[in-house]
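Pasting the sequence and the predicted model now:
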Amino acid sequence: MRVLELWRYPVKSLQGERCAAVDVGPEGFDGDRGWALFDTGTGFGLTARRVPDLLFAAARATGGRPEVVLPDGTVTDDDAVLSAWVGRAVELRPASFTGPRTYENPADVDTESRWNPFSGADGAFHDNATARITLLSTGSTGTWSPRRFRANVVLDGSGEDDLVGRQVQLGTAVLEVGEPVPRCVMTTRPQPGGIGRDTGVLKTIHREHDGTLSVGAMPATGGRIAVGDELVVD
């Protein structure tokens with residue numbers, strides 16, 4: 001398998017940046033999930049599980065506080081502007097933030113009438129503490145747009161599930177592949193580019209893939225990954 005696309009998401013649950021090459025560090029792709037929006041009233045971190053409109057804004061890494069491009073084209077990093085857009089008081093917080101990392105996930109995907117809180121990872125704002133980079137093949141997505149699943153690495157071919165428990169090399173980075181990635185209501189959300197709301201996606205994943213799609217990995221050594229790099233299993 002070879003790398004078709006590389007993606008990093010500077011702000012959790014917002015659209016990200018497609019990259020030609022990325023540097024890999026202990027937290028995964030440099031700049032990935034380095035910031036998140038938090039509701040200052042409830043203390044919950046915002047995700048598109050609860051606030052689907054987040055997926056219609058995009059974030060750009062700047063080396064510091066990221067720029068957010070709102071759906072109307074406004075470019076901002078101002079909490080007041082972001083609060084007005086979201087419709088609640090929010091604060092853009094960096095990964096160095098040391099407070100609680102609690103988010104909400106619907107307990108019922110069909111009605112979204114009940115919500116269960118969950119705690120995310122320390123460091124960069126990943127959901128899973130044992131996965132800093134996600135690998136997804138076009139063989140697994142089939143007719144679905146890979147963008148629906150917000151993976152860091154999109155690979156040609158198929159077979160990422162066979163990498164679980166293995167060490168792989170992409171470019172000069174070495175990754176330890178852990179477990180398949182459990183999927184949630186995020187996969188059903190509409191996104192820019194003609195990706196519509198589709199609750200059947202998650203139902204199919206549960207029925208045919210045991211609720212998972214893609215695999216998560218931890219960096220064993222840093223390095224650089226570029227589009228076109230071959231995945232080598234050690």
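Arrived safely, thanks for sending.

quick one: contacts for the residue nearest to the spatial centre of the chain?
Ranked by distance to the mean C-alpha position of the chain (Cα atoms, centre = their mean), the top residue is R150 at 4.8 Å. Neighbour list for R150: 7, 9, 16, 134, 186 [criterion: Cβ atoms under 8 Å, 6 or more residues apart in numbering]. No exception for glycine: its C-beta is placed from N, CA and C like everyone else's.

Confidence-wise, which of these comes last?
Lowest pLDDT within the contacts of R150 is found at M186 (92).

Near that residue, how many other residues are there?
20 (other Cβ atoms under 10 Å).

now swap in Q191 and tell me
18.

any idea how far F38 is from G157?
Plainly put, F38 is 39 Å away from G157 if you go by Cβ to Cβ, to the nearest Å.

okay, the two: which has more neighbours?
Shown here are F38 and G157; by other Cβ under 10 Å, F38 has more neighbours (24 against 13).

Check what contacts stretch 206-223 and list those residues.
23-26, 28, 128, 130-136, 140-141, 149, 151, 160-161, 163-164, 167-168, 170-183, 187, 205.

Quick check: ChimeraX command selecting the buried ones in the residues you listed.
Of these, the buried ones go into a single ChimeraX selection, burial set by 16 or more other Cβ atoms under 10 Å:
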select :23,24,25,28,131,132,133,134,135,136,140,141,149,151,160,161,163,168,170,171,173,174,175,176,177,178,180,181,183,187,205
